[in-house]
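> Need the 3D shape of this:
(one chain, ligands or ions: 2)
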Amino acid sequence: MSVRIIEVGPRDGLQNEKKILDTQVKAEFILKLLSAGFQTIEATSFVRADKIPQMADAQELMKSLIAAKVDLNKLPCLVPNLKGLEVAGDLGVREIAVFTATSEKFNQKNINASIDESFVRIAEVCNTAKKSGKKVRGYVSTVFGCPYEGKTSLETLKKVTQSLFDLGCYEVSLGDTIGIGHPEQVQKIYKEVKKHFDTSKLAWHFHDTRGIALANIFAAYQEGARAFDSSAGGLGGCPYAKGASGNVATEDVVQMFNLMEVDTGVDLAKLADASTYILQALGRSSASKAYQAIIAEKV
Ligand code: HMG
Ligand code: MG
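Numbering: from 1, shown residues only. Ligands and ions are numbered 1, 2, ... in the order given. Have a look, this model is predicted:
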């Protein structure tokens, strides 16, 4: 048995860290993650620098990685619109990720667009990306709840997921943006989406805001999920909950699957080295229990 882990720390993690790192430090982090065995690492995002200053060096970062002769097929980048795609495309980015949400209010705050408006942009991006042979991954945020609207709709989830597949996304990642989901809800949503979609084309993106992410991953795995987004060291935080954890820590996910003898393709010791490197650069510790255990065993 195996699962696929999509490492999103360099993008989803670092976009939520207060400290803005040097481009070279980010590049080195990504190189260390590549050497830990990840096949997919979301490297950065081509968004407005005034909105997400942590990602303002997206161009320099990609140039630096290209100079280091990385395989760009392993480094997707988040792109909100044609402008972002243009810049990413000029650099030679091979895979992009587009994003929307099940919540109107969340989309307005995040991308200044309604759900319908977001699909006007996403359609332009997907159609243009397809012409140059780029792979496109889709994200749906607020699947398990929204910081502004509370409960979100399963009907909207099905509608936006279908639209992302219709536009050519090879995979759609369902996000628990604020870490509010719980295992029974995961099972319910999984069973519902299974009626409509090929679940091998769905990934699951849990934030660990309330410490439930690993339980949610296990619930999804038991239902049949085999692709999970996570962040080295549990980088990041949650803009809606001060002091909270970020994405589920990749170490926790890999450790759990290692113990279950489910292959992730990730070398846990090398992953922890990459996390140590970036955590030191950020001047912070990790809340990941697995990371802490690995470090404790070393000393
Ligand atoms: P907008 O202001 O609506 O865009 O931004 P606009 O088309 O009206 O343009 C306004 C100005 O922005 C113009 O500049 C554009 O050139 C510029 P001006 O002429 O005034 O000087 N602009 C851009 N600049 C750089 N890159 C671009 C770009 N586009 C326009 N791509 C936009 C809309 C979406 C771009 C903006 O709201 C934005 O960048 N928001 C940030 C969104 C973001 O990165 N959010 C976090 C990632 S999503 C996430 O974390 C969730 C996820 O992890 C899953 C989960 O957990 O749920 C994926
Ligand atoms: Mg996220």
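
> Close to ligand 1: what parts of the stretch 151-299 of the chain are there?
By the rule Cβ under 6 Å from any ligand atom, the part of the stretch 151-299 of the chain lying against ligand 1 is Gly175, Thr177, His205. For the C-beta atoms, the positions are set from N, CA and C on the backbone; glycine is no exception.

> Can you show me the strands along the stretch 151-299 of the chain?
171-176, 202-206, 227-230 (DSSP state E, counting those that start in this stretch).

> Same list, those, but as a markdown table with mean neighbour count and mean pLDDT please.
A markdown table is the format used below for the strands of the stretch 151-299 of the chain (neighbours: other Cβ atoms under 10 Å; pLDDT from 0 to 100):
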| stretch | mean neighbour count | mean pLDDT |
| --- | --- | --- |
| strand 171-176 | 24 | 98 |
| strand 202-206 | 25 | 98 |
| strand 227-230 | 26 | 98 |
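
> Phi first, then psi, for Cys77.
Backbone dihedrals for Cys77, given as degrees, to the nearest 10, come out at phi -130, psi 140.

> does it have beta-bridge partners, and which?
Here Cys77 sits in beta bridges with Thr44, Ile96, going by DSSP bridges.

> ok, it - contacts?
Residues in contact with Cys77 (Cβ atoms under 8 Å, 6 or more residues apart in numbering) are 11, 42-46, 58, 62, 88, 93, 95-97.

> go on, Phe228?
Contact partners of Phe228, counting by Cβ under 8 Å, 6+ apart, are Val3, Arg4, Ile5, Ile6, Ala203, Trp204, His205, Phe206, Ile217, Ala220, Val248, Val253.

> quick one: it from Gly37, how far?
15 Å (Cβ to Cβ, to the nearest Å).

> residues in contact with the nearest residue to Gln292 once chain neighbours are set aside?
Nearest residue to Gln292, sequence neighbours excluded (Cβ to Cβ, 6 or more residues apart in numbering): Ser286, at 6.9 Å. By Cβ under 8 Å, 6+ apart, Ser286 lies in contact with Gly233, Gly234, Ala249, Glu251, Ser275, Leu279, Gln292.

> ok, now which ones touch the closest residue to Val3 other than its chain neighbours?
Leaving aside its sequence neighbours, Val3 sits nearest to Arg226 (Cβ to Cβ, 6+ apart; 5.0 Å). Counting by Cβ under 8 Å, 6+ apart, Arg226 touches Ser2, Val3, Arg4, Ser200.

> Please report phi then psi for Arg226.
Taking degrees, to the nearest 10, you get phi -130, psi 10 for the backbone angles of Arg226.

> Retrieve the pLDDT associated with it.
The confidence metric pLDDT takes the value 98 at Arg226.

> roughly how far apart are it and Thr199?
Arg226 sits at a distance of 9 Å from Thr199 (criterion: Cβ to Cβ).

> show me the contacts for Gly243.
By Cβ under 8 Å, 6+ apart, the residues touching Gly243 are Gly237.

> so how far is Gly175 from it?
21 Å.

> Which positions within stretch 119-137 qualify as buried?
Residues of stretch 119-137 classed as buried: Phe119, Arg121, Ile122, Val125, Cys126, Ala129, Lys134, Lys135, Val136, Arg137 (neighbour count, 16 or more other Cβ atoms under 10 Å).

> Quick check: of the residues you listed, which lies closest to ligand 1?
Distance to ligand 1 across the buried residues of stretch 119-137 (Cβ to the nearest ligand atom) is lowest for Arg121, with 7.7 Å.

> Pull out the C-alpha coordinates of stretch 251-261 and format them as PDB.
C-alpha atoms of stretch 251-261 as PDB (Å, rounded to 0.1, in the frame of the first residue of the first chain):
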ATOM      1  CA  GLU A 251       6.500  14.400   9.800                       C
ATOM      2  CA  ASP A 252       3.300  13.400  11.600                       C
ATOM      3  CA  VAL A 253       1.800  12.100   8.400                       C
ATOM      4  CA  VAL A 254       4.900  10.200   7.300                       C
ATOM      5  CA  GLN A 255       5.400   8.700  10.700                       C
ATOM      6  CA  MET A 256       1.900   7.500  11.000                       C
ATOM      7  CA  PHE A 257       2.000   5.800   7.600                       C
ATOM      8  CA  ASN A 258       5.500   4.400   8.300                       C
ATOM      9  CA  LEU A 259       4.100   2.700  11.400                       C
ATOM     10  CA  MET A 260       1.200   1.400   9.400                       C
ATOM     11  CA  GLU A 261       3.700   0.100   6.800                       C
END
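
> in it, what's buried?
Quick answer for stretch 251-261 (16+ other Cβ under 10 Å): Glu251, Asp252, Val253, Val254, Gln255, Met256, Phe257.

> That's all I had, so thanks and see you.
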